[in-house]
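Asker: just a sequence and a predicted model for now, questions to come.
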Amino acid sequence: MHMPRNSMQNMKISLDTLIAASPLLGHDLENRDCIKHAQDQGLARRLAEKTEVPLRSVSQRDLFFVAPLDILVSEVDGQKQFHLLELNGTGIGGITNLPEENVASILHSLEQSAETLDCRDGIVLLAISGRESESAPRLNRLMHEKLLFVDALRRGLHSRYGSCDVMNVEQIDASTDPLKQPIGRTRQPGPTVVMGYMKDLIRRITLEPNGELTMGGRPVRAAVNDRFCRNLLSHFGDRVDLTKFQTLNRTFAAGSDKGIAYHLMNEYVREYPHKALPDEVRYTHCNSRDSLISTVNQWLREGRKVVIKPHGTGLGHGIEFFLEPNEQADEVIQRIDASLALTEEYYGIEGGALPYTVCEFIDACKVSEPGHPFDGHKYELRVVVYRDSYGLKAFPSIAKIAREKCEDNVFVRRALINNITASGDTVKVSGTDYMLPLCNHRTLELLGLTEDELHDLCGAATGYVRHVLDQVEDQPDLFGLPVPKSAMEYVPLDRLEYAEGLRLRFA
């Protein structure tokens, strides 16, 4: 039977179909259409145009493709201030909160980066969060978003090498066993994208004496998911040769360690003071249990409210609030040990997810509209920064609402954690139940934000990520990276006609 040349292009499955069929495939997937369709695309385009910044040089193009910033909002003397909670990475959940044109730009950037990978017969990993707990594994309800990333990687690798396989971890296991191969068929050389949950991938990876990572005897050339990359390096004692293994993003250290993200924010505001950003993020890094215990107790004695945050974790795992200055030292130790034990169990990190970042608790704004279901609930904002060709753009994605109302001087964890999947929650809810579209005038009204303030936030977000990218090249040791061979050979972006207007705005 003859098939038209474009028949494969027509053999596509919509996300709506995939989500609807998901119970038959394994587990329910979550549809974010109600958020996506409520985003004001006109507002989004105006913000992107006004707050876009150029990359410094051509060399930065393949260092980055997307990262969402989580932001707390406070008010000081009637002025809104935006506080960086964390710089997330390419393990982003919620890409489908964005309109399709923005998602297409993100996927195209990943496809471009995949085209540059030295991966003739190697493996590229797409690591998925979930199954952190062995006793009660959590399945990822946004798995379909990861398939968009997988397909972008496949397109980029196929464009360069003329072929590309896609496998899961069980298939990559079978591909190394001659007894499991179909009779008369042998695998043809070529790149392969392997997707799987983080723990499942790490268990199958071997570190060779020369610092190269392998899976099933084949070299692992790259991985997508900042947190996974950080945990993978920690798993092997930071002996991985990062000239042979590309982390997508190359900013992964800041995307997985809040202390590094805060250090870079403090650098950024010193160089580019911004009325909407605090002058300093007050934090310290603790590399041991003893240091963590003594720091928390010292800060409490000084009358400071404290939050501890592990590195390389997600979903609020391991985060603890110490808000009572008179809390007993033995109770502090007990709660710190519980945090360390949880992160060790969930993420397979011996001794817990050290280093921890200790920072001051921010008394953030709450929704204030009597009669509204979220009245009195704290919230945080998510702004997605992504690369579009040689520029960085920001999309104000969502407001994440805490599950419980925050009463004065009553501190309940579920009133302080604004996490969509709410670690440890026993109530099954949809992620959209405690989420609002941020690029939406009704949401801005509810949160007491103006379009000008949203502009300030998006501008600060793109400027900050540009600073992080600059430091990847200028301070590679801060990220645990080797000095790039071309460090003295950057091609200035102003040679590209495209960047001229953006460069003037950033200056």
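Answerer: Sure thing, it's come through.

Asker: alpha carbons only for contacts and neighbour counts from here, please
Answerer: OK.

Asker: pretty sure residue 102 belongs to a strand, no?
Answerer: No. Residue 102: not assigned to a strand; according to DSSP: H, G, I helix; E, B strand; the rest coil it is helix.

Asker: what segments of the stretch 1-150 of the chain are strands?
Answerer: 53-54, 66-76, 79-87, 123-128 (DSSP state E, counting those that start in this stretch).

Asker: tell me the angle the second one makes with strand 79-87.
Answerer: It refers to strand 66-76. 150 degrees (axes from the mean of the first three to the mean of the last three C-alpha atoms, to 10 degrees).

Asker: please name the strands paired to strand 66-76 in the sheet, noting orientation.
Answerer: strand 79-87 (antiparallel), strand 379-388 (antiparallel) (DSSP bridges).

Asker: where does this protein have low pLDDT?
Answerer: Within the chain, the segments meeting pLDDT under 70 span 1-25, 131-138, 175-187, 409-411, 413, 415, 417-430, 484-507.

Asker: show me which helix runs longest in it.
Answerer: The residue-count maximum for a helix in the chain (DSSP state H) belongs to helix 451-474.

Asker: what residues sit buried inside that one?
Answerer: Within helix 451-474, the residues scored as buried using 16 or more other C-alpha atoms under 10 Å are 453-473.

Asker: roughly how far out does it sit from the chain middle?
Answerer: Remark: helix 451-474 is offset 16 Å from the chain centroid, using C-alpha atoms, centre = their mean, to the nearest Å.

Asker: quick one: list the elements packing against it.
Answerer: Counting contacts by 3 or more C-alpha pairs under 8 Å, 6 or more residues apart in numbering; DSSP states H and E, helix 451-474 packs against helix 41-51, strand 53-54, helix 258-271, strand 379-388, strand 391-401.

Asker: what does the very next helix or strand once past the third one contact?
Answerer: It refers to helix 258-271. Next in sequence after helix 258-271, counting helices and strands by DSSP states H and E, comes strand 283-286. Contacts of strand 283-286 from elsewhere in the structure, counted by C-alpha atoms under 8 Å, 6 or more residues apart in numbering, are 259, 262, 292, 295, 354-360.

Asker: pick the one among those closest to residue 72.
Answerer: residue 360 (12.5 Å; C-alpha to C-alpha).

Asker: quick one, what contacts the closest one?
Answerer: Residue 360 makes contact with 282-283, 304-307 under the criterion C-alpha under 8 Å, 6+ apart.

Asker: in strands only, show me the contacts of strand 283-286.
Answerer: Among those, the members falling in strands (DSSP state E) are 356-360.

Asker: what sits against residue 406?
Answerer: 376-378, 412, 415-416.

Asker: how about stretch 88-102: buried residues?
Answerer: For stretch 88-102, using 16+ other C-alpha under 10 Å, the buried residues are 88-99, 102.

Asker: between those, which sits nearest residue 299?
Answerer: residue 88 (26.7 Å).

Asker: okay, now the residue nearest to the closest one when sequence neighbours are not counted: neighbour count?
Answerer: Leaving aside its sequence neighbours, residue 88 sits nearest to residue 255 (C-alpha to C-alpha, 6 or more residues apart in numbering; 4.7 Å). Around residue 255 there are 28 other residues, counting by other C-alpha atoms under 10 Å.

Asker: using the three-state scheme, assign residue 255.
Answerer: Put simply, residue 255 is helix when judged by three-state DSSP.

Asker: right, and it touches residue 89 too?
Answerer: Yes. With contacts counted by C-alpha atoms under 8 Å, residue 255 reaches residue 89, the gap being 4.8 Å.

Asker: common neighbours of the two, please.
Answerer: 67, 226-227.

Asker: which of these tops the neighbour count?
Answerer: Ranked by neighbour count (other C-alpha under 10 Å), those have residue 226 at the top, with 28 neighbours.

Asker: show me what contacts the residue nearest to that one when sequence neighbours are not counted?
Answerer: Nearest residue to residue 226, sequence neighbours excluded (C-alpha to C-alpha, 6+ apart): residue 252, at 4.4 Å. For residue 252, the contact set (C-alpha under 8 Å, 6+ apart) comprises 89, 225-227, 229-230, 479.

Asker: reformat those residues as CSV; add distance to residue 239.
Answerer: Listed next are the contacts of residue 252 as CSV, based on distance: C-alpha to C-alpha, whole Å:
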residue, distance to residue 239
89, 22
225, 19
226, 17
227, 17
229, 13
230, 12
479, 14
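
Asker: out of these, who's nearest residue 395?
Answerer: Checking the contacts of residue 252 one by one against residue 395 (C-alpha to C-alpha), the nearest turns out to be residue 89, at 15.0 Å.

Asker: so what's the closest one up against?
Answerer: Applying C-alpha under 8 Å, 6+ apart, the residues near residue 89 are 66-68, 225-227, 249, 252, 255-256.

Asker: residues near residue 432, how many?
Answerer: 20.

Asker: can you tell me the SS state at it?
Answerer: From three-state DSSP, the assignment for residue 432 is helix.

Asker: start at 826 instead
Answerer: Okay, residue one is now 826; in that scheme the one you just asked about reads as residue 1257.

Asker: excluding chain neighbours, what is closest to it?
Answerer: residue 857 (7.0 Å).
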